[in-house]
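Student: Below are the sequence and a predicted model for it; my questions follow.
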Amino acid sequence: MKLFEVYSLFNVTPEKARGCHIWDEYGTEYLDMYGGHAVISVGHSHPLYVEALTRQINRIGFYSNSVHNPLQEELAKKLGQLSGYDDYSLFLDNSGAESNENALKLASFHTERNRVVAFRKSFHGRTSGAVAVTDNPTIQSPFNALHNVTFCQLNDIKGVEDELKKGDVCAVIIEGIQGCGGINIPEKEFMQALEQICRQTGTVLILDEVQSGYGRTGKFFAHQWYDIRPDLITMAKGMGNGFPVGGVLISPEFKATRGMLGTTFGGNYLAMEAAITVADIIREARLVDNALRVGEYLMEEMPTSPLIKEVRGRGLMIGIEFHSPIAEIREKLLSEEHIFTGVAGQNMIRLLPPLTLTLDEADVFLNSFRKVLQEFENK
Ligand code: PLP
């Protein structure tokens, strides 16, 4: 049987990974400035993570979510403390799209309305509801189009207000910082006004922190830069350091009723062990502070070049926008400098390294990047 090939992959087969480094089958070492779509928060194969998962697999293993599992409560407690959302409840699932799907469903139950406002250049995942609120017609099928979604421009509060005042919108869904759409950071005044207009119109504010959350931007959630408190917060990616775990933080205003949401795998023993260990490491190693410090260093020291249009980002979520397509630059970074990077669209290199990245590792990237840029400038 062949694989159904629908997305591009790095042409590298990893054999070993530690911290921010990956080795391929030939022993070549790579610096990971992408973290496998931003999932590597505490570093590849962190010793405490490996030990905890090994212990757990020997204890209960892969049992699914059908029995009382105290690890879920332990994670909820730790996550409440780490994020500042002690008074919220936690629903556990397995991915970012699923978290958004559950959040949209909760908003719709709560308000008994069915229209959603989302934003231009947003990305929220690949399930039916999540794709429907994603601004990318190439990934939408006729089935997704059945959803009732209106797209507004980021930072256009008047546009959002006009929609919300119609009274039929159950939720506004917005990323803390847009990731796949090109590292677009909403304005603080816009986010605060958005929170207010959602309150006034009884609309649920969903913050998608799947990519921008879990410490990546130098606060636990990116929206904490704007001093707002959303009704629902969705998470995944960095939560399990590569183990598939997702979740929704739910404000106390939502009432849980049996059957409202459900899951087979969500909150299973191994996923919980992974998420608890990640939360412990993030706290003890002060990785949120590290993300801010090393991210600021990267932004400050980023080489200037006539090829570069703009560098945008916060913490370790950085986009380097070029005037023209970056495929060749990125390929050179991988094949000659041995550095993994991500993309957003055709013209942007996206950096989402592990939150453990050191200043020395940042320098390795900066020196290689400078070298590659010079080669392209001289072409
Ligand atoms: N939301 C955001 C902001 C994302 O960046 C992504 C994935 O890149 C998702 C949702 C979907 O997450 P998953 O691929 O885990 O379903």
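Tutor: Looks like it came in fine.

Student: residue contacts, the residue nearest to the spatial centre of the chain?
Tutor: What sits nearest the mean C-alpha location of the chain, by CA atoms, centre = their mean, is Q211, with 1.0 Å. Residues near Q211 by CB atoms under 8 Å, 6 or more residues apart in numbering: A38, G96, E175, I177, G179, C180, K237, M317, L352. In this view, the C-beta of every residue, glycine as well, is placed from N, C-alpha and C.

Student: Name the nearest residue to it, sequence neighbours excluded.
Tutor: G179 (3.8 Å; CB to CB, 6 or more residues apart in numbering).

Student: So what's the residue count around the one you found?
Tutor: Number of residues near G179 (other CB atoms under 10 Å) recorded here: 27.

Student: Tell me, how many residues neighbour R370?
Tutor: Neighbour tally, R370, other CB under 10 Å: 15.

Student: So which bits of stretch 129-141 are buried?
Tutor: G129, A130, V131, A132, V133, T134, D135, Q140 (16 or more other CB atoms under 10 Å).

Student: now, which of those lie within helices?
Tutor: G129, A130, V131, A132 (DSSP state H).

Student: How is the protein partitioned into domains?
Tutor: 14-46+286-377, 47-284 (automatic domain parsing).

Student: Which residues lie in contact with whichever residue of the chain sits closest to the ligand in this structure?
Tutor: Residue of the chain nearest the ligand, by CB to the nearest ligand atom: G96 (2.3 Å). By CB under 8 Å, 6+ apart, the contact list for G96 reads H124, G125, A130, D208, V210, Q211, T234, M235, A236, K237, G246.

Student: repeat for A327
Tutor: Q346.

Student: rewinding a little: dump the buried residues of stretch 129-141 to CSV, plus distance to K165 and pLDDT.
Tutor: Converted to CSV, these look like this (distance: CB to CB, whole Å; pLDDT from 0 to 100):
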residue, distance to K165, pLDDT
G129, 24, 95
A130, 26, 97
V131, 27, 97
A132, 22, 97
V133, 20, 98
T134, 25, 98
D135, 22, 97
Q140, 27, 90
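
Student: Would you format those residues as JSON lines with distance to D360 included?
Tutor: Shown next, in JSON lines, are the buried residues of stretch 129-141 (distance: CB to CB, whole Å):
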{"residue": "G129", "distance to D360": "43"}
{"residue": "A130", "distance to D360": "38"}
{"residue": "V131", "distance to D360": "40"}
{"residue": "A132", "distance to D360": "44"}
{"residue": "V133", "distance to D360": "40"}
{"residue": "T134", "distance to D360": "37"}
{"residue": "D135", "distance to D360": "38"}
{"residue": "Q140", "distance to D360": "43"}
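
Student: Sticking with P244, tell me its helix or strand.
Tutor: Here P244 sits in a region with no helix or strand, counting by DSSP states H and E.

Student: I'd like to know how far it sits from P47.
Tutor: 21 Å (CB to CB, to the nearest Å).

Student: before we move on, what about H338?
Tutor: Counting by CB to CB - H338 and P47 are separated by 24 Å.

Student: Looking at those two, which one has more neighbours?
Tutor: Legend: neighbour count by other CB under 10 Å for H338 and P47, higher for H338 (18 against 10).

Student: If we ignore the residues flanking it in sequence, what's nearest the more buried one?
Tutor: Y30 (4.6 Å).

Student: Just give the number of residues close to N100.
Tutor: 28.

Student: just to revisit the earlier point, could you give the bridge partners of the residue nearest to H338?
Tutor: On DSSP bridges, the residues paired with Y30 through beta bridges are I22.
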